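A.B. asks: Quick one: sequence plus predicted model below, questions after.
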Amino acid sequence: MHSIGIIPARFASTRLPGKPLVDLGGRSMIRRVVEQAQQARLSRVVVATDDQRILEHVQGFGGEAVLTHPDHPSGTDRVWEAYQQLGVSAGCVVNIQGDEPFIHPAQINALLDVFADASTQIATLVKPVVSDEELQSPHLPKVILGAAGEALYFSRHPIPYLRQYPESEWRTHHRYLRHIGLYAYRPAVLQQLTQLAPAPLELAESLEQLRWLTHGFRIHTAETELETIGIDTPEDVERALRHLATVGTAEA
């Protein structure tokens, strides 16, 4: 199947301006994302940016990039514009977060595998919750699945609520899952998603995927045990550098 990975990368960031160009151990963050994605079974990897500096940087290290409109309301919209610019036909489009420099190729491949089922419209990743801190963190959305592995609902609150047990025992009695924000779509579905109006549940939780569920789209899931490190703040940069130092020591 012909599959395209598109990495939305905006220059503006309230907490970390110029985030895609931040240096992580001698390579920019966006370069690390591109190089990780290129190891997956993708036919093509393209950066979709709103900034000439990012465009030239990606092209400078041999990557492929397109310049997109600066005012897109979401990464989904930026991915759709980039796909249109490419003028090609693909079996699926993978939206790869531009602030995940250690994304695992196996995670991308797991999403591609979901599209072996012709009924798949959208696919995303889930990961078991491994601590009470993860379970209670509003920054790590949780998800509940139906019997066929499709997402029923996403929430920043722990779901389900186990009313018969104290919260300290919830993980003992239920296998909780959290959401990893990596998406893949059929191109025709991606186009439809960009035309949907915001939904009340989406606005309440600030989770875009609830708009899709509200409008009747199905989200298939694949499970991963692998962890990634998202970069949103200067503190996250320091954490990523410590990770790189640890990996370097382990490989020495």
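C.D. replies: Received the coordinates, thanks.
A.B. asks: And the strands in the stretch 1-150 of the chain?
C.D. replies: 3-9, 23-24, 27-28, 44-49, 64-67, 92-95, 122-128, 142-145 (DSSP state E, counting those that start in this stretch).
A.B. asks: Looking at those strands, spot the one closest to R211.
C.D. replies: Evaluated over the strands of the stretch 1-150 of the chain, closeness to R211 peaks at strand 122-128, with 11.5 Å, by CB to CB. Every C-beta, even on glycine, is put in place using the N, C-alpha and C of the backbone.
A.B. asks: Would you give the sheet partners of that closest one, along with the direction of each?
C.D. replies: Here strand 122-128 has these sheet partners by DSSP bridges: strand 177-185 (antiparallel), strand 219-223 (parallel).
A.B. asks: List the buried residues for that strand?
C.D. replies: I122, A123, T124, L125, V126, K127 (16 or more other CB atoms under 10 Å).
A.B. asks: Just the CA trace of it, in CSV.
C.D. replies: This file holds the C-alpha atoms of strand 122-128, laid out as CSV (Å, rounded to 0.1, in the frame of the first residue of the first chain):
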residue,chain,number,x,y,z
ILE,A,122,-8.9,6.3,10.9
ALA,A,123,-6.3,4.5,13.1
THR,A,124,-4.5,5.6,16.2
LEU,A,125,-2.3,4.2,19.0
VAL,A,126,-3.1,3.2,22.5
LYS,A,127,-0.8,2.3,25.4
PRO,A,128,-1.4,0.6,28.7
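A.B. asks: I'd like the distance from that strand to the chain centre, please.
C.D. replies: 9 Å (CA atoms, centre = their mean, to the nearest Å).
A.B. asks: Can I get the buried residues of strand 122-128 in CSV including pLDDT and distance to Q52?
C.D. replies: Converted to CSV, the buried residues of strand 122-128 look like this (pLDDT from 0 to 100; distance: CB to CB, whole Å):
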residue, pLDDT, distance to Q52
I122, 98, 32
A123, 98, 33
T124, 98, 31
L125, 97, 32
V126, 98, 37
K127, 97, 36
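A.B. asks: Where do the domain boundaries of the protein fall?
C.D. replies: 1-116, 125-179+197-224 (automatic domain parsing).
A.B. asks: closest one to H243 among these?
C.D. replies: So among the domains of the chain, domain 1-116 is nearest, using CB to CB, at 7.0 Å.
A.B. asks: can you give me the end-to-end distance of the closest one?
C.D. replies: 9 Å (CA to CA, to the nearest Å).
A.B. asks: looking only at pLDDT, what's the mean for that domain?
C.D. replies: The pLDDT scores in domain 1-116 average 95.
A.B. asks: quick one: secondary structure of P198?
C.D. replies: coil (DSSP: H, G, I helix; E, B strand; the rest coil).
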